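Participant: The following comprises the amino acid sequence and a computationally predicted model.
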Amino acid sequence: MALTDAIKQDIQQAYRDLLSGKDIRARYGQRLMIAEIARYMGAITDNDGQRTSPPSVCVVEAGTGTGKTLAYLVAAIPVAKALGKTLVISTATVALQDQIVLKDLPDLKKHTNLQFSWTLAKGRGRYLCLSRLESRLQEEGHGDSDTMPLFLLDDLQTDEAGSKAFFEQMLASYGSREWDGDRDHWPEQIPDDVWRQVTTDHRQCTNRHCSYFDSCAFFDARKGLDEAEVVVANHDLVLADLALGGGAILPEPENALYVFDEAHHLPDKALNHFAASVGLNSARQWLKQLSQALSTMQPYLAPGVQATKTLDRISIASRDLDLMLARVYEQMDENTAWEFSDERRPAQWRYAHGELPEVLSNLAAEARIATATVCRHLGSLVDELQGAFDERKESEIDRDTAEAWFPVIGAFHSRAEDQLRLWVAWSERDVGSKQDGGETGPSPEPAKGESENERRSPAPARWAVKQRWEHAEDITLYSSPVLADNLLYSRLWSRAYGAVLTSATLTALGRFDRLKTRAGLPEHSRFLNVPSSFRYADMATVEIPAMSVMPTDDKFTDTLTERLPDLWAGEKATLVLFTARRQMQQVRDALDPEYPGLIITQDDKAKGEVLREHCARVDEGKPSVLFGVASFAEGIDLPGKYLHHVVITRLPFSVPDDPIEASLAEWVTQRGGNPFMEITVPDASVKLVQAVGRLLRTEQDTGRVTILDRRIITRRYGQLLLDALPPFRRVID
């Protein structure tokens with residue numbers, strides 16, 4: 001579809017109206033971004049609504065202050081409407097998702113003539129399940145409730161103080177429509193262990209057969225999904241939909257134009273989504289819970305019916321699996337060179353090149369068969385229970401029994417499927433083959449002497465962790481893809497009608513190569529780095545003071561303790577970033593007695609509370625110093641007076657014992673590359689740019705960044721890291 005004059009006019013007029021309505025001035029970077037996205041989408045060719053041009057994506061790096069969200073909305077909505085495609089906007093954080101739904105889209109509708117409808121899409125686990133809530137309240141009042149099986153899985157403390165009152169308040173708020181059942185819209189943060197008691201997943205939900213279906217928060221939220229022209233989702237939901245084949249939750253990729261905001265998170269999210277793990281002893285404990293549930297369920301079923309026979313099959317298969325897990329545990333415990341540097345810290349063992357010893361590989365194949373058998377029989381029982389909801393057919397199970405037990409068996413089935421994923425991954429012999437079995441996207445250049453056709457993705461990372469507690473121990477097995485390139489290419493980029501990726505940090509060392517490799521971006525993709533509107537040299541300095549020791553020195557923690565008070569002296573708002581939580585705590589413990597009430601660390605309270613306390617101190621005219629690690633180096637917004645000085649204690653190199661990073665490094669080495677320069681330094685560059693990005697949030701902000709790691713000027717790679725930072729005025733001692 002060519003970008004017609006009419007569509008261009010719609011975009012230009014919408015942008016003018018938006019600027020006028022919000023009384024803001026045009027930004028050069030924003031205009032560039034709008035034009036690039038519109039040109040990319042307009043260049044996609046199609047026939048009868050199907051894309052005929054090669055797969056491609058549009059990648060736009062645009063820093064703070066560009067106005068990214070409004071830029072892609074203004075550009076993409078008119079084009080998506082003209083194409084008859086759904087615009088799917090995906091974010092990495094709930095905060096941005098809510099901002100788009102509650103602020104940016106309403107602003108666009110209010111100030112322009114663009115006509116469009118939108119809806120918010122979140123996973124089922126973000127919503128209240130009224131059936132679970134009712135059962136939870138019944139359990140509070142009646143320990144012998146018929147719905148007790150629902151909570152066999154939860155290990156709940158039902159005598160938790162105030163829990164009944166809390167759940168009653170939840171029910172009242174939902175009933176009066178003061179609350180929409182969305183976890184993120186509850187006034188306070190709901191702890192995970194509490195929320196798990198009142199939500200559900202697709203395996204436990206009876207959908208239209210539930211007596212609460214007509215007042216279900218999740219299905220209420222989803223009603224507008226099919227009709228909406230703009231769907232605001234998140235990366236996890238998009239990946240979950242793709243794992244189900246695409247089009248199960250969200251529109252089919254072929255009928256969608258995607259915008260991935262905060263796109264630098266997408267490759268890691270994909271790795272997490274397709275990873276698998278099994279704790280051997282915890283799986284055996286789970287089998288005991290399954291046995292207990294089956295014994296409790298048996299009296300509800302008539303002797304000789306199909307469901308009773310299935311129960312017996314599950315029991316036999318569970319015993320076989322339990323014996324199998326015991327054999328795997330014994331083999332791994334006795335034949336792995338576990339090294340505990342500290343009894344309180346787990347020991348880790350990574351299998352080089354993803355290759356398992358033959359004995360272990362054979363055991364994994366047997367465990368796969370045993371787990372698949374349990375999984376199959378649980379699936380049969382789920383189907384038999386579900387059959388009881390169909391009023392057109394006779395069922396051997398009464399509906400009340402089915403309603404009470406369907407969520408329980410569904411949850412067991414889901415857990416069995418999760419375990420099966422690990423055993424499938426561990427029993428795969430050809431570990432160097434192309435992942436995902438699909439068409440592949442571009443990977444790094446072939447190694448010397450290796451043709452394009454011979455190029456393979458790295459083998460999956462496989463590792464195990466042994467943990468010891470006071471009265472127990474466990475060995476957990478893990479598998480993960482090392483790169484998400486083929487996963488994303490085969491499931492998303494090759495199928496999507498079009499996609500835009502945007503973020504403030506998509507380049508590493510000034511290049512898009514790292515993202516191309518990790519996200520498997522198609523060959524015909526377009527890339528744009530939008531210039532910032534910030535006058536960096538006038539607004540801030542980056543300072544590298546003289547230091548007597550390097551971060552690799554044992555005395556570095558003591559040196560930090562000595563130097564930091566001088567650095568925050570005279571400042572109202574300082575953020576000190578560490579790469580290790582332990583070091584952060586040691587420095588805080590050493591300085592806190594001398595500076596009471598000054599330092600607050602990100603571990604002291606929930607993130608939002610920490611930031612609110614910091615801002616409150618600044619508002620009162622008091623100095624405040626924030627200590628944080630990785631999650632405070634990205635995604636916190638402290639404009640103006642709330643942050644004037646960012647101190648980076650050491651360069652953010654990855655932890656060397658990360659098994660996925662180690663496997664990637666191993667693969668690069670095997671191909672004749674230099675993992676430090678190809679992986680470690682670019683990764684550190686991205687993290688460093690994100691950390692420095694905390695300082696300037698608006699065009700009026702000023703301040704300074706201090707880097708206490710002298711390697712940035714004494715090592716060859718340091719110049720690359722320094723040059724990738726915004727062009728602040730440099731002060732080097």
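Facilitator: Arrived safely.
Participant: Go ahead and measure how far the helix or strand in which residue 682 is found is from the middle of the chain.
Facilitator: Using DSSP states H and E, residue 682 falls within helix 681-692. In terms of C-alpha atoms, centre = their mean, to the nearest Å, the centre of helix 681-692 is found 19 Å from the chain centre.
Participant: Likewise for stretch 373-390?
Facilitator: Per C-alpha atoms, centre = their mean, the centroid offset for stretch 373-390 relative to its chain is 31 Å.
Participant: returning to what we had before: and the angle from the next helix or strand after the helix holding residue 682 to helix 681-692?
Facilitator: The helix or strand immediately downstream of helix 681-692 is strand 703-707, counting by DSSP H and E. Orientation of strand 703-707 against helix 681-692 (axes from the mean of the first three to the mean of the last three C-alpha atoms, to 10 degrees) gives an angle of 140 degrees.
Participant: For strand 703-707, name the packing helices and strands.
Facilitator: Here strand 703-707 touches strand 540-544, strand 645-648, going by 3 or more C-beta pairs under 8 Å, 6 or more residues apart in numbering; DSSP states H and E. For glycine as for every other residue, the C-beta is placed from the backbone atoms N, C-alpha and C.
Participant: got the CA coordinates for the next helix or strand after that strand in PDB?
Facilitator: Using DSSP H and E, the helix or strand that follows strand 703-707 in sequence is helix 711-714. Output in PDB follows, covering the C-alpha atoms of helix 711-714 (Å, rounded to 0.1, in the frame of the first residue of the first chain):
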ATOM      1  CA  ARG A 711      38.600   1.500  33.700                       C
ATOM      2  CA  ILE A 712      36.500   3.800  31.500                       C
ATOM      3  CA  ILE A 713      39.600   5.800  30.700                       C
ATOM      4  CA  THR A 714      42.400   3.300  31.400                       C
END
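Participant: Pull out the buried residues from helix 711-714.
Facilitator: Neighbour counts over helix 711-714 (16 or more other C-beta atoms under 10 Å) mark 711-712 as buried.
Participant: what about the residue nearest to residue 556 when sequence neighbours are not counted, which helix or strand?
Facilitator: With sequence-adjacent residues excluded and distances taken as C-beta to C-beta, 6 or more residues apart in numbering, residue 556 is closest to residue 549, at 5.3 Å. Under the criterion DSSP H and E, no helix or strand holds residue 549.
Participant: hang on, residue 549 packs against residue 555?
Facilitator: Yes. Using C-beta atoms under 8 Å, residue 549 is in contact with residue 555, at 5.1 Å.
Participant: Who has more neighbours out of those two?
Facilitator: The neighbour comparison of residue 549 against residue 555 (other C-beta atoms under 10 Å) goes to residue 549, with 15 against 11.
Participant: which phi and psi does that one have?
Facilitator: Dihedral pair for residue 549: phi -140, psi 160, per degrees, to the nearest 10.
Participant: separation between it and residue 710?
Facilitator: 9 Å (C-beta to C-beta, to the nearest Å).
Participant: try residue 297
Facilitator: For residue 297 relative to residue 710 (C-beta to C-beta), the value is 66 Å.
Participant: before we move on, what about residue 83?
Facilitator: From residue 83 over to residue 710 (counting by C-beta to C-beta), the distance is 54 Å.
Participant: Grab the most central residue of the chain for me.
Facilitator: The centroid of the chain falls nearest to residue 269 when counting by C-alpha atoms, centre = their mean (4.4 Å).
Participant: contacting residues for it?
Facilitator: Shown in contact with residue 269 (C-beta atoms under 8 Å, 6 or more residues apart in numbering): 92, 235-236, 239.
Participant: How many residues are close by residue 313?
Facilitator: 16.
Participant: got it, and residue 121?
Facilitator: For residue 121, using other C-beta under 10 Å, the count is 25.
Participant: just residue 16 next, same as before
Facilitator: Other residues lying near residue 16 total 13 when counted by other C-beta under 10 Å.
Participant: try residue 103
Facilitator: 11.
Participant: for residue 630, same thing?
Facilitator: Neighbours of residue 630 using other C-beta under 10 Å come to 16.
Participant: Report all helices and strands that the one helix or strand residue 95 maps to contacts.
Facilitator: When elements are assigned from DSSP H and E, residue 95 belongs to helix 94-99. Packed against helix 94-99 by the contact rule (3+ C-beta pairs under 8 Å, 6+ apart) you find strand 230-234.
Participant: re earlier: confirm the residue nearest to the centre of the chain sits in a helix?
Facilitator: Yes. Under DSSP: H, G, I helix; E, B strand; the rest coil, residue 269 falls within a helix.
Participant: separation between it and residue 262?
Facilitator: 10 Å.
Participant: Which residues are in contact with each of those two?
Facilitator: Residues within reach of residue 269 and of residue 262 at once, by C-beta under 8 Å, 6+ apart, are 92, 235.
Participant: can you count the residues close to residue 723?
Facilitator: Neighbours around residue 723, by other C-beta under 10 Å: 11.
Participant: from memory it sits against residue 507, does it?
Facilitator: No. In this structure, residue 723 is not within contact of residue 507 by C-beta under 8 Å, at 12.0 Å.
Participant: now residue 617, nearest residue through space, not along the chain?
Facilitator: The shortest distance from residue 617 to any non-neighbouring residue, by C-beta to C-beta, 6+ apart, is to residue 624 (4.0 Å).
Participant: Residue 204 now?
Facilitator: residue 407 (3.7 Å).
Participant: and if you look at residue 628?
Facilitator: That would be residue 602: by C-beta to C-beta, 6+ apart, it lies 4.4 Å from residue 628.
Participant: Please apply the same query to residue 239.
Facilitator: residue 273 (4.3 Å).
Participant: mind listing what's buried in the helix or strand bottoming out on mean pLDDT in the chain?
Facilitator: When each helix and strand of the chain is scored by mean pLDDT, DSSP states H and E, helix 130-141 comes last, with a mean of 78. Neighbour counts over helix 130-141 (16+ other C-beta under 10 Å) mark 130-137, 139-140 as buried.
Participant: what do you get for stretch 7-25?
Facilitator: For stretch 7-25, using 16+ other C-beta under 10 Å, the buried residues are 7-8, 10-12, 14-15, 17-19.
Participant: Make a markdown table out of these and add distance to residue 106.
Facilitator: Shown next, in a markdown table, are the buried residues of stretch 7-25 (distance: C-beta to C-beta, whole Å):
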| residue | distance to residue 106 |
| --- | --- |
| 7 | 23 |
| 8 | 25 |
| 10 | 19 |
| 11 | 19 |
| 12 | 22 |
| 14 | 14 |
| 15 | 17 |
| 17 | 14 |
| 18 | 12 |
| 19 | 17 |
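Participant: Tell me which entries of those residues lie within helices.
Facilitator: If you go by DSSP state H, the buried residues of stretch 7-25 have 7-8, 10-12, 14-15, 17-19 in helices.
Participant: Closest to residue 572 out of those residues?
Facilitator: Within these, the smallest distance to residue 572 is 33.9 Å, found for residue 19 (C-beta to C-beta).
Participant: Next up, the contacts around the closest one.
Facilitator: 25-26.
Participant: Could you rerun that using 10 Å?
Facilitator: Residue 19 makes contacts with 25-27, 30, 70, 111, as judged by C-beta atoms under 10 Å, 6 or more residues apart in numbering.
Participant: Nearest to residue 644, out of those: which one, please.
Facilitator: Nearest to residue 644 among these: residue 27, at 24.4 Å, using C-beta to C-beta.
Participant: got the angle for the helix or strand containing residue 238 vs strand 230-234?
Facilitator: Residue 238 is part of helix 235-243 when elements are defined by DSSP H and E. Orientation of helix 235-243 against strand 230-234 (the same axes, to 10 degrees) gives an angle of 100 degrees.
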